[in-house]
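[1] predicted model, plus sequence, below.
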Amino acid sequence: MNESLEGRRALVTGGGRGTGAAVVARLRAAGADVLATARTRPDHADGPFVAADVTAPGGVETVVREVRDRFGTLDILVHTVGGSSAPGGGFAALTDRHWQDELDLNLLAAVRLDRALLPDVAAGGAVVHVSSIQRRLPLFEATLGYAAAKAALTTYSKGLAKELAPRGVRVNVVSPGAIRTSAADALVARLAEADGVDERTAWDRLTAALGGIPLGRPTLPEEVAELVAFLVSDRAAAITGAEHTIDGGTVPTV
């Protein structure tokens, strides 16, 4: 089994920081030609990058044009873009605007890019959608909209896998638990402010609400990237339509 991605053309959304940036680095290390995209190009970005807001149709069109100009067609598509900016306060605090923002970021960005790019992907192509264990364990206080959108993304991914498998294109889902990224730190800061506690207490409450982490630590972005690199490689050539949890044991799957 060959773990090299030499010559493969890849797009990674949310590739400017955190898990997305780790995925970009790992795929490039395996030899792939990777185009990263995010709303803004980070100062430390190295390699091809397109700044676009994929939560809006215009941003998706920008990315699609860049992909076609640079690659023609893709071999690998990884959606890591996601997150939540909704306020705390439970379901009643979420307005229609909050719900739409969560859906645009965590579901529709992937749907729109898939619709534009996947019809041209040839046999041997691979897609990974990054979901979340919150699709099974939603946190009502601040991320209910996010959790619902990730649940929809996971269901959509399973249907997409069935449709594309006869063409030899594989679709899998990676569902992380708590990952120590800047986005997670921002969420913890919002929860700490809302509850009037320090950030350490807010982090402990967050992981406790998810059921704790038996391994005793959050997942690292690089560990998620390693799983993604495996799934898009020939080592996983018979794996499609599957959800892979990486959460330190928070959600028992055995």
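    That came in fine, so what should we check first? Predicted model, so just to flag it, every value in this text is computed and none were measured.
[2] show me where this structure has strands.
    9-13, 33-38, 49-51, 76-79, 126-130, 170-176, 243-246 (DSSP state E).
[3] in a markdown table: the ones you listed, plus distance to residue 139, mean neighbour count and mean pLDDT.
    In this view, the C-beta of every residue, glycine as well, is placed from N, C-alpha and C. Formatted as a markdown table, the strands of the chain follow (distance: least, CB to CB, whole Å; neighbours: other CB atoms under 10 Å; pLDDT from 0 to 100):
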| stretch | distance to residue 139 | mean neighbour count | mean pLDDT |
| --- | --- | --- | --- |
| strand 9-13 | 24 | 26 | 98 |
| strand 33-38 | 25 | 24 | 97 |
| strand 49-51 | 31 | 19 | 96 |
| strand 76-79 | 22 | 27 | 98 |
| strand 126-130 | 18 | 27 | 98 |
| strand 170-176 | 14 | 25 | 97 |
| strand 243-246 | 17 | 18 | 96 |
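[4] need those strands in a markdown table (columns: distance to residue 60).
    Formatted as a markdown table, the strands of the chain follow (distance: least, CB to CB, whole Å):
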| stretch | distance to residue 60 |
| --- | --- |
| strand 9-13 | 10 |
| strand 33-38 | 10 |
| strand 49-51 | 11 |
| strand 76-79 | 12 |
| strand 126-130 | 15 |
| strand 170-176 | 19 |
| strand 243-246 | 25 |
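[5] hmm, residue 76 is touching residue 13, no?
    No - with contact defined as CB atoms under 8 Å, residue 76 does not reach residue 13; the gap is 11.9 Å.
[6] nearest to the spatial middle of the chain, which residue is it?
    residue 80 (2.4 Å; CA atoms, centre = their mean).
[7] now do the buried residues in the longest helix seen in the chain.
    Taking DSSP state H as the criterion, the chain has its longest helix at helix 144-164. Going by neighbour count (16 or more other CB atoms under 10 Å), the buried part of helix 144-164 is 144-154, 156-158, 160-161, 164.
[8] what is it packed up against?
    Applying 3 or more CB pairs under 8 Å, 6 or more residues apart in numbering; DSSP states H and E, one finds that helix 144-164 makes contact with helix 96-103, helix 109-117, strand 126-130, strand 170-176, strand 243-246.
[9] which one of these lies nearest to residue 86?
    Among the helices and strands packed on helix 144-164, the nearest to residue 86 by CB to CB is helix 96-103 (4.7 Å).
[10] now the closest one: mean pLDDT?
    If you average the pLDDT over helix 96-103, you get 94.
[11] what sits up against it?
    55, 84-87, 145-146, 148-149, 152 (CB atoms under 8 Å, 6 or more residues apart in numbering).
[12] mind redoing it with 7 Å?
    By CB atoms under 7 Å, 6 or more residues apart in numbering, the residues outside helix 96-103 that reach it are 84-86, 145-146, 149.
[13] now that helix: how far from the chain's centre is it?
    From the chain centre to the centre of helix 96-103 is a distance of 18 Å (CA atoms, centre = their mean, to the nearest Å).
[14] and that helix, what's buried?
    Buried-residue list, helix 96-103, by 16+ other CB under 10 Å: 98, 101-103.
[15] which one of those residues is nearest residue 68?
    residue 103 (26.3 Å).
[16] from residue 198, how far out is the closest one?
    Distance, residue 103 to residue 198, by CB to CB, to the nearest Å: 32 Å.
[17] residue 252 now?
    30 Å.
[18] equivalent analysis for residue 45, please.
    Taken as CB to CB, the span from residue 45 to residue 198 is 33 Å.
[19] neighbour count for those two, which is higher?
    Shown here are residue 45 and residue 198; by other CB atoms under 10 Å, residue 45 has more neighbours (17 against 11).
[20] from memory residue 27 sits against residue 5, does it?
    Yes - if you go by CB atoms under 7 Å, residue 27 and residue 5 touch, sitting 6.0 Å apart.
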